[in-house]
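Sharing a model prediction with you, sequence too.
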Amino acid sequence: MEFVKGQLFEPENDLPGGAYATHTDSLENKHDEQQENPQSQNSELFEQKVSDVNQFNISRTYDQSHHLPALETMKTEAASNGSDECNRNDSSPAVNLLAGNECNAQQVNSWKIDRGVLIPLPHGRETDKAAYAHVIKEGNAEILFPKKNEVFYNPVQEFNRDLTCAVISQFSKLNYDTQCMASLVDDHAVFAPGVRLESGVTIFEGLSASGLRSIRFALEIPGIKTVLCNDMSYDAVENIKQNITHNRVENIVQPSQSDAAAYMYSYASKREAEKFDVIDLDPYGSPAIFLDAAVQAIKNGGLLCVTCTDTAVLCGNGAETCFAKYGGMSLRAKFCHEMALRLLLNSLESHANHYSRYIVPLVSISADFYIRVFVRVYTSAKDVKNSASKRALVFSCTGCESFHLLHMGKSLVNDSDHVIYKNSTGPPVSHNCKHCSSPHHLGGPIWAGSLYDVEFINSVIQKTGQNVNALGTSKRIIGVLTVMTEELEVPLYYSLDKLCNVVHVSQPKAIIIRSALLNAGFKVSGSHCNSNAIKTNAPSDTLWDIMRSLAIQQNKVLGSKPGTVAAIILGKEPSFKAIFEKHPDSEPASKKARLVRFQANPEPDWGPKPKAKKRPAAAAAAVDGPDVMEISEESGSPQSKRAANQGTKKERKKKFNENYLKRFACKKFMKKGECNHGDECRYSHDPEVIRAFTEKQNAKLAAQIDAPRIAQESDSSDVQSAPVEFFSDTPDLQFQKFS
């Protein structure tokens, strides 16, 4: 890490040798003495503009009078010491720099002077990179990996990490501005990346792996007090410690080896001021086991960042598993990626409501193979009552994928301006779809509120655009966030390719369908989740009337097979004639600006990477601290035991009987009557063994053929013979026994 030229800092506690006063009182005394001397230039206040400090523009008023007396004292000390004292180990590097002397490399790496401002270079030792298998540079961080896949790292998620840095930077700026307005910030505090701010935000990264994300936070995000870099793996924590030292961020990043959920639960009962400002959870798979602890360990108004990589479950493959993990049934439909976001937000809201808390989403994104949400968590028993009206069940047609939402509750304002809460009435659909007569699937409940805070997103776009080269994926961040600001605040969307597939018409350009909806008086937008998305406030009847008009235009009305979904939909006359002329607002601004809205494949064979290898149980020395989990030889994990015993059974058999494979017939000899290995073949060529093996295979095949018939006969006999009995759940009420 390198400090940018002209960076301001707080030197009282950093200078070696006590060159600066370490207490505020002594600084104020020096300031008062200078105020009594109007001729002293040391009492002048000047405004120092620090431009582009690790990609952030900061303008602050800096009181130089606090530090110039100390500088003069140091100059006198340097002059008295002379150049001969420069290379002494006990000589202050700051003194050597002020005296204009040459210092050794270790001292120069510690301090430097630029335009009257003393700049500390971070402490740390040089690392031998040749001793590591991989050295990865991302953002301002440089990460060392000892062995391949020993500590997890996925380069495709650089976009995830860049976006997280951008969002937390803006959150930190809002927190800093709020504290400045409340006069809670020290006059000499520095809001800059890489500089510890005592009144800054505290960040907890529960599953850090290599520590890359936490180190990037320390180097790229201003206004940070502490980053707690936690992982349960001993190997990961050891790698984190080396990476912290290598990047010289020991003053900000603290390593921890503990179970993330247990550690967050330990903060649940602490005072509000001691809880975390930001919690970042990016697990390998589902974060479900961490959510309850996270909503308790975060401050009121804190930022919770959650990633899910088990998108298959959230997108409809295993709805029962999704219900068990997230409390909602997923649906396999074209809108599944947005529904995945809403299922996760619903789960977060549900966990927060248990503790009189609620969430406000800032950014919710579906990208690549994962989903990511950034929400603020607030405490208010009154506002929690609105939670039911923000969550809804989804009725999705199995034929045409038309969908309807049923909110779990509703809030109304009576004549006395009091808010009253009531149950919803429904369902909004009949058993069969009114468009194609197909049945409905029930999904959810999902989050039916807004996915974004447009004002916050615009501030992130503006800050990222000020220095596009600061982040490796800045262009994609700006493009995707711009698409989010264009989206309508309506849940879910239709997919143009699915609409055309249902009625068997050729797919037109999205602008044509968007123009038809706009010309009909409705609103329409796209979605960052799907490049073919049609998000609109128009009812499904209007949308299918537009598709009927398109089928008429393409002469596809009479081509469908009777009884199919397409025939049923196209068999009805459209209630209005759609106008497909291009509307002025049909093309979104993000497309006109040629922004990177939908990323192409980032690399060959991209996707979720293999999980980091489990460390053998033999490993770990105990690490001091109550939050550390010790690994003993006897209590190794099941994975480590399995790895240690893998292949031993086969080896024992070989050692006991080298010819144990001779009891199996050689399949090649059975088919061709000969074998290339001859007598050296490990398998048997004996006719008796071959005959026995053949009979066994034939019996197994016959059992597979007869299994369905036997099962059917068994089920029918059980139903006829077994009496069904029903008993009352309340034995005190003398209900009769039915049989």
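Ah, there it is. Owing to the predicted nature of the structure, the values given are computational and were not obtained by experimental measurement. Numbering: from 1, shown residues only.

Next up, the contacts around S366.
Residues counted as contacts of S366 (C-beta atoms under 8 Å, 6 or more residues apart in numbering) are 311, 337-338, 340-341, 528-529. Just so you know, the C-beta spots here come from the backbone N, C-alpha and C atoms, and that holds for glycine as well.

if we go to 10 Å?
308, 311, 314-315, 336-341, 372-373, 451, 480, 527-530 (C-beta atoms under 10 Å, 6 or more residues apart in numbering).

need the contact list for I478.
The contact partners of I478, by C-beta under 10 Å, 6+ apart, come to 166, 460-462, 464-465, 468, 471, 590, 593, 595-597.

If any of those are buried, put those into a ChimeraX selection.
For the buried members of those, the matching ChimeraX selection, counting by 16 or more other C-beta atoms under 10 Å, is:
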select :166,460,461,464,471,590,595,596,597
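
Show me which of the contacts of I478 is closest to V502.
Checking the contacts of I478 against V502 by C-beta to C-beta gives R597 as the nearest, at 25.7 Å.

Now do the same for that closest one: helix, strand or coil?
Three-state assignment for R597 (DSSP: H, G, I helix; E, B strand; the rest coil): coil.

Would you agree it is in contact with H528?
Yes: shown here, R597 and H528 form a contact pair, counting by C-beta atoms under 10 Å, at 7.2 Å.

Find residues that contact each of these two.
479-480, 482-483, 486, 590.

Out of the residues you listed, which sit inside strands?
Assignment to strands by DSSP state E places none of these there.

Need those in JSON lines (columns: pLDDT and distance to S233).
Formatted as JSON lines, the shared contacts of R597 and H528 follow (pLDDT from 0 to 100; distance: C-beta to C-beta, whole Å):
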{"residue": "G479", "pLDDT": "93", "distance to S233": "36"}
{"residue": "V480", "pLDDT": "94", "distance to S233": "32"}
{"residue": "T482", "pLDDT": "95", "distance to S233": "38"}
{"residue": "V483", "pLDDT": "95", "distance to S233": "37"}
{"residue": "E486", "pLDDT": "94", "distance to S233": "42"}
{"residue": "S590", "pLDDT": "89", "distance to S233": "41"}
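
Relative to K275, which of these is nearest.
Relative to K275, the closest of the shared contacts of R597 and H528 is V480; by C-beta to C-beta it sits at 30.7 Å.

before we move on, the earlier item: return the subset of the shared contacts of R597 and H528 lying in helices.
Under the assignment DSSP state H, the shared contacts of R597 and H528 contribute 479-480, 482-483, 486, 590 to helices.

what helix or strand is K498 on?
helix 496-503 (DSSP states H and E).

Spatially nearest residue to A593, not counting backbone neighbours?
In this structure, A593 finds its nearest non-sequential neighbour in T482, 7.7 Å apart by C-beta to C-beta, 6 or more residues apart in numbering.

Number of residues surrounding the one you found?
21 (other C-beta atoms under 10 Å).

where's it relative to I546, distance?
27 Å (C-beta to C-beta, to the nearest Å).

now swap in K434 and tell me
K434 is 17 Å from I546, by C-beta to C-beta.
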